[in-house]
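Trainee: Here is the input, now give the coordinates:
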Amino acid sequence: MADFDLIVIGAGPGGYVAALHAASLGMRTAVVESRDAGGTCLNRGCIPTKTLLHSSQVYYDALHGAHAGVHGENVTFSLREMFDYKNEVTQKLRQGVESLFKSAKVEFIRGTAQITAPGKVSVSGEGAAEYTAEHILIATGSVPAMPPIPGLDLPGVLTSDDILEGADTLFRSMVIIGGGVIGVELATFYSDLGCQVSIVEGLDRLLPGLDRELGQNLALILKKQGVSIYTNSMVSSVEKTADGMKVNFTAKGESGCAEGEVVLCAIGRRPYTDGLFAEGVTPEMNGRAIKVDAQYRTSLPGVYAIGDVSSRIQLAHVASAQGVACVDMICGKTNHTDMNIVPSCVYCRPEIASVGMTEAEAKDAGVAVKCGKHVMFDNARTLIADRGRCFMKVVANADDHRILGAQLMCEHSSDMISQISQAIANKMTAEQLLLAMRPHPSFEEALHETLEDLVKKLA
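Mentor: Below is the predicted model of the structure:
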């Protein structure tokens, strides 16, 4: 008999959620992790970033509270204490994951795992041993991607991992390569603290994977805060200068550059499979990602993969949902989570949240839609918070009025987007979603206004 029913490789949000779910279903389960429980999300990604953003927003709001009668000209901050607070939060959550393993009787093996054959895992390090399992679930996540741009290997070029794992020096200036989620969130943090930030993005707007208006509006907000933004700018090289670093790029056929004390490369993340498979044990790949079928099975018998290492969408909640779904299917159970409805959030200021189709995506797909929109100048909570131009958009099918998507850019949008996800999952119409009463005063009132605009257009 095998040592375990299931060995999970990786203790991030995909791996640890899958392991706990498997244990709850009676499977003898082990998790192998070479670093800390919680993975990238908890230790070097989502949680540390949001904790630092909370700290910088407290400072920023204190400095810019004159509109509300708060004058904080002498407010100071300690970057070291901000990072200490970040470490305190991550440590509490990390200990929580390990405590859950103990209570669920999941064996937590510290070490580096290598799959030597289907059903066999060799672990080196603290928990060194050979283990066998009926099933192996790969949840090794991703690491920062570093494209072959000359100069990216120079000292002074950082990744998000480098910054979140312990930087305690406030840089005078920073050039961020990449205007996606990681880039704009860290730009917000450092700009809040007075660092001169420049963002260089190869596509035509910030957050190019989201609705066009979201990225355009965010650019206006960041520029007002002093951030320099270069879009349609393809980076050609990075070089060292007497004062720091210089990023060279081409924009509309002309050469340009942005200079800073350091460079942050934030162009995305790549699946992490380094050293995972022994020689002669190679699954079918989809580019750099592990190829899986609808049941998360790889081409190796009894070996599965979830999360960033195999998924097109690299989000913690996607990995968790896939982990639960994979375990359910291994156990012959039906999983009911709709994997096509994926909310995404950006923790800039104001927050951005979206789910489903944008108006442009629907039109490209040949779907006739109507879009309701409300700019929140008359929303009481938005006026109180003084967050600038905030808005909501909801997209519905023009024929049957079903909700297809939404894009929110306002305070607490990450907490409101789930009701749109539920509406899409349950095929609700705009009229049905409008039936709900929303509290006053709240940011959510603007959703009611947006839906009213949408229903008028659908009539």
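Trainee: Which helix runs longest in this structure?
Mentor: Using DSSP state H, we find that the single longest helix of the chain is helix 79-104.
Trainee: Are there helices or strands packed against that one, and which ones?
Mentor: In terms of contacts (3 or more Cβ pairs under 8 Å, 6 or more residues apart in numbering; DSSP states H and E), helix 79-104 is packed against helix 15-24, helix 39-44, helix 46-63, strand 107-110. For glycine as for every other residue, the C-beta is placed from the backbone atoms N, C-alpha and C.
Trainee: Nearest to Asp328, out of these?
Mentor: With distances scored as Cβ to Cβ, the stretch of the helices and strands packed on helix 79-104 nearest to Asp328 is helix 15-24 (7.7 Å).
Trainee: Would you mind getting the angle between the closest one and helix 79-104?
Mentor: 20 degrees (axes from the mean of the first three to the mean of the last three Cα atoms, to 10 degrees).
Trainee: Can you list the neighbours in contact with helix 15-24?
Mentor: By Cβ atoms under 8 Å, 6 or more residues apart in numbering, the residues outside helix 15-24 that reach it are 5-6, 8-9, 11, 29-31, 33, 37-39, 97, 100-101, 104-106, 137, 139, 306-307, 319-320, 323-324, 326-328, 330-331.
Trainee: so what's the backbone phi/psi at the nearest residue to Tyr60 once chain neighbours are set aside?
Mentor: With sequence-adjacent residues excluded and distances taken as Cβ to Cβ, 6 or more residues apart in numbering, Tyr60 is closest to Asp192, at 4.3 Å. Phi and psi for Asp192, reported as degrees, to the nearest 10, are phi -50, psi -40.
Trainee: Asp192 and Leu170, how far apart?
Mentor: With the distance defined as Cβ to Cβ, to the nearest Å, Asp192 ends up 11 Å from Leu170.
Trainee: And Leu451, by the same measure?
Mentor: Taking Cβ to Cβ as the criterion, Leu451 is separated from Leu170 by 44 Å.
Trainee: So these two - more neighbours on which side?
Mentor: Leu451 (26 against 16; other Cβ atoms under 10 Å).
Trainee: from what I can see that one touches Ala430, true?
Mentor: Yes: judged on Cβ atoms under 8 Å, Leu451 makes contact with Ala430 at a distance of 5.7 Å.
Trainee: Need the overlap of contacts for the two.
Mentor: Common contacts of Leu451 and Ala430, defined by Cβ under 8 Å, 6+ apart, comprise Gly372, Val394.
Trainee: Could you look up the SS state of the nearest residue to Arg389 once chain neighbours are set aside?
Mentor: Taking Cβ to Cβ, 6+ apart, and ignoring the residues beside it in sequence, Arg389 has Asn217 as its nearest neighbour in space, at 6.0 Å. Using DSSP: H, G, I helix; E, B strand; the rest coil, the three-state assignment for Asn217 comes out as helix.
Trainee: do the same with His336
Mentor: For His336, the assignment made with three-state DSSP gives coil.
Trainee: and Arg389, what does it touch?
Mentor: Residues in contact with Arg389 (Cβ under 8 Å, 6+ apart) are Asn217, Leu220, Ile221, Val375, Phe377.
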